[in-house]
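Please find the sequence and the predicted model below.
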Amino acid sequence: MPSASRVAVGRYLFSGLSLSVAGSINKIDKLGDAEYSDWFGADSARYYGFDAALNFSFADAFEKPWAIDPYLGFGAGRSWIKYGYAKGFNTLNANVGFKFWVMEDRLAINVMSAFKSGLDDTYSQDHFQHSAGLVFQFGGKDTDGDGINDDKDECPMVPGLKEFNGCPDTDGDGIEDAKDECPEVPGLAEFNGCPDTDGDGVEDRKDECPKRRGPVELGGCPDRDKDGVADKDDACPTQAGDPNLGGCPDADGDGVADKDDACPQEVGTVANGGCPEMSVEVVEELNSATAAILFTLGSSALNYEAKAVLDEIAQVLKAYPTTYLEIAGHTCSIDTYSFNQGLSQARANAVRQYLITKQGVTPSRLSAKGYGENEPIADNNTEAGRAKNRRVEIRIKE
């Protein structure tokens, strides 16, 4: 017919389902396989239909803004054929259709085919009804004014974006605020919306050096010398070293960093500043050597043999540069107590001075003390014993 021959109105329910009712009017020239002119002497008859259907939209169900929206429908209706008087029959209907959206959520071209199965034996006819027309969608509430109706808006009270179903992306990084752990700062999807300013693969909030590139295992901080200690914690950031020594090297491997090692090329102890410690055995060897340094009665002068022994002792002392020593002077019991006390101090001073001036031993390492006749090692009643008591000893100073 030249005018609109089918009008329908529907209401969206939920989850892609909508309910529609439609009325249609047509002219038909056949009833089954029979021409109307053969049966009724007329060229055509009027066809009327009134139908209700429950339609399922795939686009609405999946909440996707598809340009082509397929749908299926099932329902029932009543149809009439009028050729002088009207004959009506009930139908069960099934339809399939497509909406081609011209203006999203507003205007679409609709194409539909419906199969109507008649339920009355006398007058009913199974038949198809095809239609093409326009669909205008209206109504809906948009509380936040973002162009997305509340029924499809997952954040109806906050203006948002269509691609996030109406939810906002405040920092514009392509990650909606609800899933963005840093919604105020543009970030990366791999870090749930949080930034990585220096691009080292460690997000800023976990990066101990967010503006300097560094490996993940060091919390994002650089390690210039590649020794496994971040520069910020490395006491020697440009020299590869031992992580247990703050990243500093230890050339002699004695557990004392070179920068703190008074003897960086000699294996020592931590307690002795990285220098070797003089053991009791070494002291005993030194005193065995000093046994050869004997003084004549009443004298503190060093003879040739004594100086030769001190030259050898000096080389041992230089191997232990951080050991502090005491030069102890002694006498035999001949003469007065006060004289012997002064003489023992003079003997200790003579040995100390020789080691300092002739062998370059650091003065602060050596002290001299006289013990007089108080510590004999031999019998003062014999000449041989008294000779042994006129001596010097070397002791480790605590």
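Okay, I see it.

is it true that residue 241 touches residue 228?
No. Applying CB atoms under 8 Å, one finds residue 241 not in contact with residue 228, separated by 9.4 Å. Every residue, glycine included, has its C-beta placed from N, CA and C.

Spell out which residues are contacts of both of these two.
Here residue 241 and residue 228 have residue 247 as joint contacts, going by CB atoms under 8 Å, 6 or more residues apart in numbering.

Specify which residue of the two has the higher count of neighbours.
Neighbours were counted for residue 241 and for residue 228 using other CB atoms under 10 Å; residue 241 has more, 22 against 15.

Tell me who's in contact with the more buried one.
Per CB under 8 Å, 6+ apart, neighbours of residue 241: 225, 227, 229, 234, 247, 248, 249, 250, 257.

which helix of this structure spans the most residues?
Ranked by residue count, the top helix of the chain under DSSP state H comes out as helix 337-357.

From the rest of the structure, what touches that helix?
Counting by CB under 8 Å, 6+ apart, 293, 295, 298, 300-302, 307, 310, 313-314, 317, 327-335, 361-363, 366-373, 390, 392 sit against helix 337-357.

And these, which of them are buried?
By neighbour count, with 16 or more other CB atoms under 10 Å, the contacts of helix 337-357 hold 293, 295, 300, 302, 310, 313-314, 317, 327-333, 361, 366, 368, 370-373, 390, 392 as buried.

out of these, which are inside strands?
In this view, the buried ones among the contacts of helix 337-357 that belong to strands under DSSP state E are 327, 328, 329, 366, 368, 370, 392.

from those residues, which is closest to residue 177?
residue 366 (76.6 Å; CB to CB).

if I look at the nearest residue to the closest one once chain neighbours are set aside, how far off is residue 314?
Excluding the flanking residues, the one nearest residue 366 by CB to CB, 6 or more residues apart in numbering is residue 352, at 4.9 Å. As judged by CB to CB, to the nearest Å, residue 352 and residue 314 stand 12 Å apart.

State whether residue 23 is indeed within a helix.
No. Residue state for residue 23 (DSSP: H, G, I helix; E, B strand; the rest coil) corresponds to strand; a helix is not indicated.

doesn't residue 6 make contact with it?
Yes. Between residue 23 and residue 6 there is a contact at 7.2 Å, judged by CB under 8 Å.

Need the phi and psi values for residue 187.
Torsion angles at residue 187 (phi, psi; degrees, to the nearest 10) stand at phi -140, psi -160.

Tell me who's in contact with it.
Counting by CB under 8 Å, 6+ apart, residue 187 has contacts 171, 173, 175, 180, 193, 194, 195, 196, 203.

let's go with 6 Å and repeat that
Counting by CB atoms under 6 Å, 6 or more residues apart in numbering, residue 187 touches 173, 193, 194, 195.

can you tell me the helix or strand for the nearest residue to residue 67 once chain neighbours are set aside?
Excluding its sequence neighbours, the residue lying closest to residue 67 (CB to CB, 6+ apart) is residue 101, at 5.6 Å. In the assignment (DSSP states H and E), residue 101 maps to strand 86-103.

Sheet partners, orientation included, of that strand?
Here strand 86-103 is paired, per DSSP bridges, with strand 68-82 (antiparallel), strand 107-118 (antiparallel).

in it, what's buried?
87, 89, 91, 93, 95, 97, 99, 101.
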